[in-house]
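S.K.: Here is a sequence with its predicted model. Questions after.
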Amino acid sequence: MAPEKSLETATFGAGCFWGVEEAFRRVPGVVDTAVGFMGGTAENPTYEGVCTGRTGHAEVVQVTYDPEKVSYSKLLETFWDAHDPTTPNRQGPDIGTQYRSVIFFHTHEQEAEARASKEEMDQSGKFRRPIVTAIEPAGTFWRAEEYHQQYFAKRGGGQCRTVW
């Protein structure tokens, strides 16, 4: 009997979760993605509630990945490429705390790697302004309604990102 694969979880908030989920779904080694909410105070938040900005949640993508096929570092690269991490509480036309740039870490190793990656990106000159991405411990992941899951894959679209 073959040993069971050990999968890991990563959670990222980078604005509108539809396009961010699609970016992660395309990464080889990503086993599953789900969109939802994290970092707020309300129990069982709904999309409509989170959109009010009163629950404190960020729209996030939770990524399940095989660390033998893709590194957390590669997931961080995808995160940085999927949004503008220099705009507080905003991505393109979407404004509000639910669209904030945030990395929710699940282990001390993820925290250390996220902080090092943020520092490296900030010093790289890739962005004209300082990175405002928060790095916080993961809390409860609240899965968004089913119609949000793999939104672009179901509708034939591919991104909602703006050029910066």
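M.R.: Yes, it's here. Numbering: from 1, shown residues only.
S.K.: Show me where this protein has its helices.
M.R.: For the chain, the helices defined by DSSP state H occupy 17-25, 47-51, 72-81, 108-124, 151-155.
S.K.: Looking at these, which one is packed in the most?
M.R.: helix 17-25 (a mean of 23; mean count of other C-beta atoms under 10 Å). Backbone N, C-alpha and C define where each C-beta goes, glycine included.
S.K.: For that one, which helices and strands make contact with it?
M.R.: The contact analysis (3 or more C-beta pairs under 8 Å, 6 or more residues apart in numbering; DSSP states H and E) places helix 17-25 against strand 8-14, strand 30-38, strand 58-65, helix 72-81, helix 151-155.
S.K.: how about the ones you listed, which one is nearest residue 110?
M.R.: helix 72-81 (6.0 Å; C-beta to C-beta).
S.K.: Please find the angle between the direction vectors of the closest one and strand 58-65.
M.R.: With axes from the mean of the first three to the mean of the last three C-alpha atoms, to 10 degrees defining the directions, helix 72-81 sits at 150 degrees from strand 58-65.
S.K.: and helix 72-81 with strand 8-14, angle?
M.R.: With the same axes, to 10 degrees defining the directions, helix 72-81 sits at 10 degrees from strand 8-14.
S.K.: Now do helix 72-81 against strand 30-38, angle only.
M.R.: Helix 72-81 runs at 50 degrees relative to strand 30-38, counting by the same axes, to 10 degrees.
S.K.: And for helix 72-81, what's in contact with it?
M.R.: Residues outside helix 72-81 that contact it (C-beta atoms under 8 Å, 6 or more residues apart in numbering): 8, 10, 12, 14, 20, 23-24, 27, 29-30, 63, 65, 103, 109-110, 113-114, 117, 121, 126.
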